[in-house]
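K.L.:
Pasting the sequence and the predicted coordinates here, then a few questions.
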Amino acid sequence: MIKILIVDDSAFMRKVLSDLLAQVPDVTVSGTARNGKNAIEMLNKTLVDLVVMDVEMPVMDGLSALKIIKQTFNIPVIMLSALSNQEITIEALAAGALDFIEKPTNLRAIETEWVSDFYEKIKSVQPSGLTETTKITAPISKNNQPTPRLLEPMSAVQLRMNTQAVVIGASTGGPKALLSVIQQLPNHLSKPIFIVQHMPKGFTKHFAERMNQEAAVTVVEATDGMLIQNRVYLCPGDYHMTLDRGRIMLNQAPKLHGTRPAVDYLFKSAASLYQAKLTAVLLTGMGKDGADGMVTVHHHGGYNIAQNKETCTVYGMPRSAVEKNVVNEILPLAMIGTKISQIVG
């Protein structure tokens, strides 16, 4: 049973979320709080597996409360964000929020897609006393699976010589992981890096700006038709990103795996463009987006790296790729950052 604390200064919002969660099996609302200060007081008395918290509140805002919660209780937190709170939301993700979800625009007629997304993020959390060393993982299949085999690994020197571009995919927990990777990059890139992070429209602009501030190299939100140079490109929310003849192409094809942008679109198009000269990386994330893309990368002779379970926030996307036996290396996040830096330096 996942025990949830809902924190929002709107009594109506607290009621709406409580009613929605009452319909989810193995989930219970342990309590509600009207601001961050109230939430921290309740956490001292109530056992909770997950906090769902508004970004903007009186007395103590969500960002301030998040920092205390992560330091004192180490409980996962999903932020509720209005469109006007995009920059603060990115700051919250960097400070350790598990994920965020946009507040519905009409609380009296919430869209089915919003409810589905909300439920998926809630269900990614494992119940019963997450400890300081516990990692949140996606549900593991009960079927007895053979131990996945890894393909032939390459040294960083070999990879640097054999790579013309790097593609990265991430979802839940990705913003913090990507900031860690981006901070390790050298001040000059010898090849481009393309990133798909599952994130809604508008938020990617602020996330690209945040990464650009943290990195020694230029990070930009990609635009349609943009000429590919040796810099870091982040796919904008609500668009799929593909690569074609030296340019970035954006489209709004149907969602894939329930998301737009989808990692698979980037990986498959990059594999077609760069063939065996591509390195693909899958970071933390819920679901299986990117796994089929890594199959395509492998079939074109490219190189695949997956983040290991121990350093993932949610070990879903990397695991899906590993189980397809198309991954060359499984590495902790810090080593992935080092390796990418060596490849593109």
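P.N.:
Received the coordinates, thanks. Numbering: from 1, shown residues only.

K.L.:
separation between residue 93 and residue 190?
P.N.:
Distance, residue 93 to residue 190, using Cβ to Cβ, to the nearest Å: 29 Å. (Glycine included, C-beta is placed from N, CA and C.)

K.L.:
List the residues that contact the closest residue in space to residue 268 that isn't next to it in sequence.
P.N.:
Nearest non-adjacent residue to residue 268, counting by Cβ to Cβ, 6 or more residues apart in numbering: residue 296, 4.6 Å away. Residues in contact with residue 296 (Cβ atoms under 8 Å, 6 or more residues apart in numbering) are 267, 268, 271, 272.

K.L.:
out of residue 93 and residue 190, which sits in the more crowded spot?
P.N.:
Set side by side, residue 93 and residue 190 show more neighbours around residue 93, with 25 against 12, by other Cβ atoms under 10 Å.

K.L.:
quick one: residue 185 and residue 52, what's the gap?
P.N.:
34 Å.

K.L.:
More neighbours: which of those two?
P.N.:
Ranked by neighbour count (other Cβ under 10 Å), residue 185 and residue 52 place residue 52 first, with 24 against 21.

K.L.:
hang on, that one in a strand?
P.N.:
Yes. Under DSSP: H, G, I helix; E, B strand; the rest coil, residue 52 falls within a strand.

K.L.:
can you pull up the bridge partners for it?
P.N.:
Counting by DSSP bridges, residue 52 is bridged to residue 6, residue 78.

K.L.:
can I assume residue 168 sits in a strand?
P.N.:
Yes. The assignment for residue 168 is a strand, going by three-state DSSP.

K.L.:
shouldn't it be in contact with residue 185?
P.N.:
No. At 11.5 Å, residue 168 does not count as touching residue 185 under the criterion of Cβ atoms under 8 Å.

K.L.:
Next, show the common contact partners of the two.
P.N.:
The contact lists of residue 168 and residue 185 share 193, 340, where a contact means Cβ under 8 Å, 6+ apart.

K.L.:
returning to what we had before: please tell me how far the residue nearest to residue 268 sits from residue 16.
P.N.:
Taking Cβ to Cβ, one finds residue 296 at 41 Å from residue 16.

K.L.:
and if you look at residue 235?
P.N.:
In terms of Cβ to Cβ, residue 235 sits 31 Å off from residue 16.

K.L.:
how much space between residue 112 and residue 119?
P.N.:
Taking Cβ to Cβ, one finds residue 112 at 11 Å from residue 119.

K.L.:
Could you list the low-confidence segments of the stretch 101-250 of the chain?
P.N.:
By pLDDT under 70, the weakly predicted segments of the stretch 101-250 of the chain are 126-148.
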